[in-house]
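Peer 1: build me a model:
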Amino acid sequence: MCSTGLGSRSTQSEWWQRLTLAALTLAYAVYVAQAVATRGLFEYVGIDYQTFRASGEIARTSGFAQIYDLAAQAQYQQPLRDQYSFGRWRIPFVQAPAPYLPVFVLPFLILPSFAPIPGLVFWTLLSAGILVIYLRQLLSAAGDEWRVSLPFELTLALPVFLTLLFGQINVWLLVFTGQFLLANARGRELRSGLWLGGLLLKPQTLILFLPGLLISRRFKVLAGWAISLLVILAISAALAGMQGLQNLVQLVRLYPGNLPTTFPDSMMNWRALTLNRALFLSSSVAWKLGMAGLAMSLVLGLALWLAPAPPASGRFALVVLGTWAATAGVAWHSHVHMALPMLAPLLYLALRQEVPRWLVHVWILGPSVLFLEEAFRVSPGQAHVLAGLAMLAVNSLVLGWVTRVLWSGGSAENADVGGSATDSRPLQPTVATTIQYRSMQNRYVPHALTATLNVIKTAETAVRRPRIPRATSRIASGIRSKR
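Peer 2: Numbering: from 1, shown residues only. Now for the predicted structure:
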């Protein structure tokens with residue numbers, strides 16, 4: 001009878017999970033349809049695709065060096081915007097920059113070959129296809145059969161939705177992160193460094209990976225990254241010349257000054273918390289809290305690379321997951337869609353049952369539900385602000401959990417994952433012992449981490465309580481009322 005009861009509860013839980021995912025899928029579809037019907041295209045839906053298409057046209061007609069000229073971007077972007085966008089939610093036109101090295105602009109050259117709408121459809125389907133194919137590759141690499149439920153659940157995370165909605169290129173960051181992780185797992189450190197060079201697509205994502213590799217003395221990985229850097233710079237210089245690279249540097253220097261199209265208040269970093277201080281805090285308190293949070297994320301993100309970690313499956317994946325979570329909070333330019341590469345370590349660890357189910361569900365559902373609820377009830381603008389703060393919170397929770405696992409002397413397999421660790425499989429039958437992290441003596445553990453771990457443990461316990469959803473609703477209601 002006990003067995004029957006457990007089976008019944010399991011079936012009921014799976015039913016509710018599927019119902020939740022179906023409702024989330026429907027809500028996304030309604031949101032996109034509503035956005036297109038009320039605002040058209042290339043003003044909100046497909047706004048980044050508009051920039052990529054314009055960059056391709058500029059590179060074709062004027063050369064790669066001119067894609068960093070904001071006036072040239074406006075010349076190609078505004079006609080597209082004026083023709084296809086409309087409605088009361090339409091924001092005034094401001095050209096969006098394309099701060100990418102010329103080598104990464106090469107795929108954009110094909111976009112002007114399509115009419116605007118077919119081109120957007122093609123670009124979206126291409127990104128979705130790469131996402132699905134690569135998630136399947138991760139499943140295969142982890143020794144798991146294709147199971148639709150888990151990958152499908154991960155693809156409903158808000159970073160995935162926003163990447164596809166805007167026409168962003170974060171799926172390539174997912175591929176580069178996943179290959180970096182898998183190559184390390186197989187003991188191919190030089191190759192992993194070569195893959196890490198792909199993150200130069202958005203260089204701010206390397207802000208913690210590079211110093212982390214340095215302090216952990218993984219010089220072979222750094223050598224691979226350096227080779228990748230030299231190759232990328234050489235090809236970029238050949239495409240745009242030194243003047244083109246100088247133009248790119250000048251464009252990037254404008255970003256700290258809050259370019260109109262960067263929307264820093266909707267980011268998922270500590271900077272966004274300070275910019276939204278008027279919601280619930282005074283200016284001085286918000287900046288102090290923001291800088292304290294940034295410093296904590298920075299310290300914990302680097303400390304992961306020094307954690308005492310004897311060889312154990314999943315260890316390096318934990319470090320990658322935690323580093324990405326910390327990077328999201330520390331990087332000066334960090335939008336919600338840039339968290340998409342976290343799917344690689346999350347899926348890998350989830351398949352091995354080395355990450356708690358509740359943590360995966362919070363990361364997927366928390367920001368998504370808050371975003372949709374705020375968007376339908378208030379406005380998309382405020383929804384993006386709330387989603388950024390929610391993503392900052394859940395990424396901080398992920399960073400805290402990873403820190404606790406790595407520094408507590410336990411292992412990912414022994415963590416509370418909501419499933420049996422005996423089912424976890426090695427990446428490959430002959431390389432289970434290669435998934436390791438360089439050990440450090442416990443006496444080198446910073447004393448400050450002890451207090452931090454206690455706070456993390458308390459927060460983790462609080463997140464599991466059923467009162468949290470109601471508390472979250474009260475906070476969201478307070479934010480709306482103050483805006």
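Peer 1: Pro116 reaches Phe42, doesn't it?
Peer 2: Yes - between Pro116 and Phe42 there is a contact at 7.3 Å, judged by Cβ atoms under 8 Å. Where C-beta positions appear, they are placed from N, C-alpha and C, glycine not excepted.
Peer 1: name the residue in these two with the higher neighbour count.
Peer 2: Set Pro116 next to Phe42 and count neighbours by other Cβ atoms under 10 Å: Phe42 wins out with 25 against 19.
Peer 1: returning to what we had before: which neighbours do Pro116 and Phe42 share?
Peer 2: Residues touching both Pro116 and Phe42 by Cβ atoms under 8 Å, 6 or more residues apart in numbering: 80, 84.
Peer 1: mind checking how far the helix or strand hosting Trp16 is from the chain centre?
Peer 2: Here Trp16 sits within helix 2-39, counting by DSSP states H and E. When distances are taken as Cα atoms, centre = their mean, to the nearest Å, helix 2-39 is centred 22 Å away from the chain's centroid.
Peer 1: buried stuff in that helix?
Peer 2: Across helix 2-39, burial judged by 16 or more other Cβ atoms under 10 Å covers 20-21, 24, 27-28, 31, 35, 39.
Peer 1: which other helices and strands does it contact?
Peer 2: helix 149-155, helix 158-166, helix 357-377 (3 or more Cβ pairs under 8 Å, 6 or more residues apart in numbering; DSSP states H and E).
Peer 1: for the longest one, packing partners?
Peer 2: When contacts are defined as 3+ Cβ pairs under 8 Å, 6+ apart, helix 357-377 sits against helix 2-39, helix 149-155, helix 158-166, helix 343-351, helix 380-407, helix 468-482.
Peer 1: ditto for the first one
Peer 2: When contacts are defined as 3+ Cβ pairs under 8 Å, 6+ apart, helix 149-155 packs onto helix 2-39, helix 116-141, helix 343-351, helix 357-377.
Peer 1: quick one: which of those helices is nearest Gln50?
Peer 2: helix 116-141 (8.5 Å; Cβ to Cβ).
Peer 1: tell me what angle that closest one forms with helix 158-166.
Peer 2: Angle of helix 116-141 versus helix 158-166, following axes from the mean of the first three to the mean of the last three Cα atoms, to 10 degrees, is 150 degrees.
Peer 1: looking at the helices and strands packed on helix 149-155, which is closest to Pro260?
Peer 2: Closest among the helices and strands packed on helix 149-155, using Cβ to Cβ: helix 2-39, at 17.7 Å.
Peer 1: against which helices or strands is whichever helix or strand comes after that closest one packed?
Peer 2: Per DSSP H and E, the first helix or strand lying C-terminal to helix 2-39 is helix 47-61. Using 3+ Cβ pairs under 8 Å, 6+ apart, the elements in contact with helix 47-61 are helix 70-84, helix 102-105, helix 116-141, helix 158-166.
Peer 1: where does this protein have its least confident helix or strand?
Peer 2: In the chain, no helix or strand scores lower on mean pLDDT, DSSP states H and E than helix 468-482, which sits at a mean of 38.
Peer 1: picking up where we left off before, columns distance to Leu200 on top of the helices and strands packed on helix 357-377, output as a markdown table?
Peer 2: Shown next, in a markdown table, are those (distance: least, Cβ to Cβ, whole Å):
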| stretch | distance to Leu200 |
| --- | --- |
| helix 2-39 | 31 |
| helix 149-155 | 25 |
| helix 158-166 | 19 |
| helix 343-351 | 17 |
| helix 380-407 | 22 |
| helix 468-482 | 36 |
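Peer 1: between these, which gets nearest to Ala292?
Peer 2: Shortest distance between Ala292 and these, using Cβ to Cβ, is found for helix 380-407: 12.0 Å.
Peer 1: sorry, back to before: ok, and which of the helices and strands packed on helix 2-39 has the densest surroundings?
Peer 2: Across these, averaging neighbours per residue (mean count of other Cβ atoms under 10 Å) puts helix 158-166 on top, at a mean of 24.
Peer 1: model confidence over the helix or strand just after it, on average?
Peer 2: Sequence order places helix 170-185 as the next helix or strand after helix 158-166, per DSSP H and E. Mean pLDDT, helix 170-185: 95.
Peer 1: ok, stretch 87-105 next?
Peer 2: 88.
Peer 1: pull out the buried positions in that stretch.
Peer 2: 95-105.
Peer 1: farthest pair within these?
Peer 2: Taking Cβ to Cβ, no two of the buried residues of stretch 87-105 sit farther apart than Gln95 and Val103, at 22.6 Å.
Peer 1: now do the helix holding Trp16 against helix 380-407, angle only.
Peer 2: 140 degrees.
Peer 1: what pLDDT does the residue nearest in space to the middle of the chain get?
Peer 2: Geometric centre of the chain, nearest residue: Ala339, 0.8 Å, by Cα atoms, centre = their mean. The per-residue pLDDT reported for Ala339 equals 97.
Peer 1: show me what contacts it?
Peer 2: Contacts of Ala339 by Cβ under 8 Å, 6+ apart are 157, 159, 268, 324, 328, 391, 395.
Peer 1: measure it to Gly129 for me?
Peer 2: In this view, Ala339 and Gly129 are 21 Å apart by Cβ to Cβ, to the nearest Å.
Peer 1: same check on Pro367?
Peer 2: With Cβ to Cβ as the criterion, Pro367 and Gly129 are 24 Å apart.
Peer 1: then Ala29?
Peer 2: Relative to Gly129, and taking Cβ to Cβ, Ala29 is found at 19 Å.
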